[in-house]
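In: 3D, please:
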Amino acid sequence: MPDRSNLVYRYDGTYQGFLCCVAQCFADKGLPQAVQRWEEPQATLFPLQGVDTDLDLAQRVERSIRSKASPEALRWVRDGFLSCEAQKELLLIRFVLLGYKYGAKVTGLTVQPDVCALWKTVRAVRNEAHCYLEFLRFSDLGGFLVGELAPKNTVLPLIAGHFCDRLPEEDFVLYDRTHAMGFFHRRGGQREFFHADSIDLPAPGEEEQRYRALWKGFYRAIAIEGRRNPKLRRSMMPLRYWPDLTEFQP
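Out: Numbers count the residues shown, from 1 in each chain. Model (predicted):
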């Protein structure tokens, strides 16, 4: 397959739409110059090619990655797509083509620049998801729990299942302010992702305020003044997580 065609793909920004872009590469017998979402400005002189989302085609592409490369390679593609990196789509497409060429050993070819770059991207997504498993705080707002987060990457699909398993008898909402994306869980097993620019939440009640005060008091009580190390604390708990941590709120 030639390195580049003179086309710029535009798609709907979904994971299934991206998989259809992979299939379009084979139809065009070449890589595109770029892959853009429909809402991005058309700042290019290259001709544009719209790629429609076909769910059946997307499933076939997924199956081909799993069988011709490996299930682990498919996990890299899924997690890599959640990244905030610019032009992640081209990187993922190049990785998929390498997977078709080298098979299951593609994830071990870390000296190959595209494989190395994708591994770093996937690791960043997974590390951020792991941090939110530790740092996410819930508030009880009138019978349901709410956890808000502002991640760089779209980690909500990676962490939602964990909290469903940990809180099966609770009604809760997770809301990602960065990507205007939420997840709703109702006791009994109902689960649903949704998109919303914002959500209106009730003010915390007296009991919730008391619990917050207790948690802040506990946090201060266990601190050892003589062993304060702000630099170490920032390395273990980066500053960008602090606004959503109960113990650091005024």
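
In: Stretch 229-244: which residues count as buried?
Out: Buried residues in stretch 229-244, defined by neighbour count with 16 or more other C-beta atoms under 10 Å: 237, 241, 244. (C-beta placed from N, C-alpha, C; glycine too.)

In: Kindly report the same for stretch 57-70.
Out: Buried, per 16+ other C-beta under 10 Å, within stretch 57-70: 57, 58, 61, 62, 64, 65, 66, 68, 69, 70.

In: The fifth one: what's its closest spatial neighbour, skipping adjacent residues?
Out: Leaving out its chain neighbours, the residue that sits closest to residue 64 by C-beta to C-beta, 6 or more residues apart in numbering is residue 100, at 7.6 Å.

In: name the helices or strands packed onto the host helix or strand of the one you found?
Out: Using DSSP states H and E, residue 100 maps to helix 88-102. Judged by 3 or more C-beta pairs under 8 Å, 6 or more residues apart in numbering; DSSP states H and E, helix 88-102 is in contact with helix 15-28, strand 34-37, helix 55-68, helix 71-81, helix 113-135.

In: list the buried ones in the fourth one?
Out: Taking 16+ other C-beta under 10 Å as the neighbour-count basis, helix 71-81 is seen to contain the buried residues 73, 74, 76, 77, 78, 79, 80, 81.

In: so what's the second one scoring on pLDDT?
Out: Each residue has a pLDDT score; the one for residue 74 is 97.

In: Please report how far the residue nearest in space to the middle of the chain lies from residue 72.
Out: When C-alpha atoms, centre = their mean is applied to the chain, the residue found nearest the centroid is residue 154 (2.4 Å). Distance from residue 154 to residue 72, counting by C-beta to C-beta, to the nearest Å: 20 Å.

In: Likewise for residue 178?
Out: For residue 178, the distance to residue 72 - C-beta to C-beta - is 28 Å.

In: Equivalent analysis for residue 16, please.
Out: In this view, residue 16 and residue 72 are 21 Å apart by C-beta to C-beta.

In: Below-threshold pLDDT in the protein: ranges please.
Out: 1-5, 43-44 (pLDDT under 70).

In: backbone phi and psi for the residue lying farthest from the centre of it, please?
Out: The centre of the chain is farthest from one residue, residue 226, which by C-alpha atoms, centre = their mean lies 38.9 Å away. Backbone geometry at residue 226, expressed as degrees, to the nearest 10, gives phi -70, psi -10.

In: Residue 180 is in contact with residue 197, correct?
Out: Yes - Residue 197 lies in contact with residue 180 (C-beta atoms under 8 Å); the separation is 5.1 Å.

In: give me every residue that touches residue 73.
Out: 65, 66, 95, 96, 99, 104, 106, 107 (C-beta atoms under 8 Å, 6 or more residues apart in numbering).

In: Right, I'll call it a day here.
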